[in-house]
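Visitor: no FASTA, just this:
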């Protein structure tokens, strides 16, 4: 089963999408298998990360923004703004897909884990996320 979701993050940063993915898993009625989530963009990414304490997300965001700063004079790919090339680098350093086992019809995430869309651009834009459920 393959589903396509459109998700628009309200701002740059980490945004939990676990509930949207869990709904697709539930709709599939598959009890045991694998859920693969893929984002069809080069300036946003997906990660599995802590979802209990929001400070973890803030710290990750601040660290990555410091590591890959906007307005770096080395960047020549700036036609879409100062956040354009940094967003591509951030995506290259993270991931465009995650895979989570399905056990008893549910995502087998740990107690403190969630699936996050990491929006690297400042502008709000719709992101296409593909969810594949299989055995």
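Guide: That came in fine, so what should we check first? It should be emphasised that the depicted structure is a prediction, and the values quoted were computed from it without experimental measurement.

Visitor: going forward, measure contacts and count neighbours with C-alpha atoms only.
Guide: Will do.

Visitor: now the strands: where do they sit in this protein?
Guide: 2-8, 13-16, 32-39, 44-50, 97-103, 106-107, 113-119, 126-134 (DSSP state E).

Visitor: show me the contacts for the closest residue to residue 78 other than its chain neighbours.
Guide: Distance criterion Cα to Cα, 6 or more residues apart in numbering; nearest residue to residue 78, sequence neighbours excluded, is residue 84 at 5.9 Å. Contacts for residue 84 (Cα atoms under 8 Å, 6 or more residues apart in numbering) come out as 43, 77-78, 121.

Visitor: now the helix ranked longest in the chain against strand 44-50, angle please.
Guide: The residue-count maximum for a helix in the chain (DSSP state H) belongs to helix 54-67. Between the axes of helix 54-67 and strand 44-50, defined by axes from the mean of the first three to the mean of the last three Cα atoms, to 10 degrees, the angle is 140 degrees.

Visitor: roughly how far out does helix 54-67 sit from the chain middle?
Guide: In terms of Cα atoms, centre = their mean, to the nearest Å, the centre of helix 54-67 is found 14 Å from the chain centre.
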